[in-house]
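J.: sequence first, predicted coordinates after that:
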Amino acid sequence: VGATYAWSIEPWPASAPPFTDPAVSPLGVDGPDFVLAPGVLPPGGRFVAKVTVQGPGGPEEVGSAAASIVMNLPPSPGTCALTTADGAEPAGKSLETLFRVDCSGWKDDVDTELSFAFDYRDGQTTQLLSAAVRSPSFADFVLPAPTNASTAAGAIHVVATISDKAGATTTWEGVATITD
């Protein structure tokens, strides 16, 4: 007869499904291995994971271990601005007007180096404009005419995704008006 295991997380978030739910703990809570599904524990939460193991000799062979868990927070709100390259309102001609999205003031609870990625979306197409492991926290680009007929007259959404090293992200979105 082998060892028995009992895993727990404390405090368990009231908003989360039951700890024993297979969608939450896909390997179960009574085996040698333990895994939580992504997104179960809320960002910024502090928890203690504990395992108690009883050996084949019964209650005389009991041991336990605990580990603190601090969940990563996404980068905190800074600002982003979408303008033409000369600082005017974000409107211009497709494939001619140079636009700029510029982000500043973003911070993270742990990381000092944030990544910035910029893309545009017009309801049908998503296209990466620029990605940087560190600064620059801005991108200059031209935009095409929208390809989706259901898109509001000439509107293209420009999205900034700010990420930390652990993969937590925050997004910002602005709208440029494009004419032919």
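T.: Here it is on my side, so go on.
J.: where's the residue of the chain most remote from its centre relative to Trp7, distance?
T.: Here the chain reaches farthest from its C-alpha mean at Gly57, the gap being 45.8 Å by C-alpha atoms, centre = their mean. Distance of Gly57 to Trp7, computed by C-beta to C-beta, to the nearest Å: 21 Å. C-beta coordinates here come from the backbone N, C-alpha and C atoms, glycine included.
J.: next one: Phe99
T.: 51 Å.
J.: got it, and Ser15?
T.: Distance from Ser15 to Trp7, by C-beta to C-beta: 20 Å.
J.: which of these two has more neighbours?
T.: Trp7 (22 against 7; other C-beta atoms under 10 Å).
J.: now could you export just the CA positions of the helix-or-strand element of the chain with minimal mean pLDDT as PDB?
T.: Counting by mean pLDDT, DSSP states H and E, the chain has its least confident helix or strand at strand 126-132, which shows a mean of 75. Extracted in PDB, the C-alpha atoms of strand 126-132 (Å, rounded to 0.1, in the frame of the first residue of the first chain):
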ATOM      1  CA  THR A 126      -5.900  41.900 -37.000                       C
ATOM      2  CA  GLN A 127      -2.400  42.900 -38.000                       C
ATOM      3  CA  LEU A 128       0.600  43.300 -35.700                       C
ATOM      4  CA  LEU A 129       2.200  46.700 -36.100                       C
ATOM      5  CA  SER A 130       5.200  46.500 -33.700                       C
ATOM      6  CA  ALA A 131       6.300  44.500 -30.700                       C
ATOM      7  CA  ALA A 132       9.200  45.300 -28.300                       C
END
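J.: list of residues touching it?
T.: Here strand 126-132 makes contact (C-beta atoms under 8 Å, 6 or more residues apart in numbering) with 115-121, 139, 141, 158.
J.: can you give the strand pairings for that strand, parallel or anti for each?
T.: Partners of strand 126-132 in the sheet, by DSSP bridges, are strand 115-121 (antiparallel).
J.: convert the C-alpha atoms of the partner strand to CSV, please.
T.: Presented in CSV, the C-alpha positions along strand 115-121 are these (Å, rounded to 0.1, in the frame of the first residue of the first chain):
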residue,chain,number,x,y,z
SER,A,115,6.8,44.6,-23.2
PHE,A,116,4.6,46.6,-25.6
ALA,A,117,2.9,45.2,-28.7
PHE,A,118,0.7,47.2,-31.0
ASP,A,119,-1.8,46.0,-33.6
TYR,A,120,-4.8,47.2,-35.5
ARG,A,121,-8.2,45.6,-36.0
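J.: kind regards, and thank you for your time.
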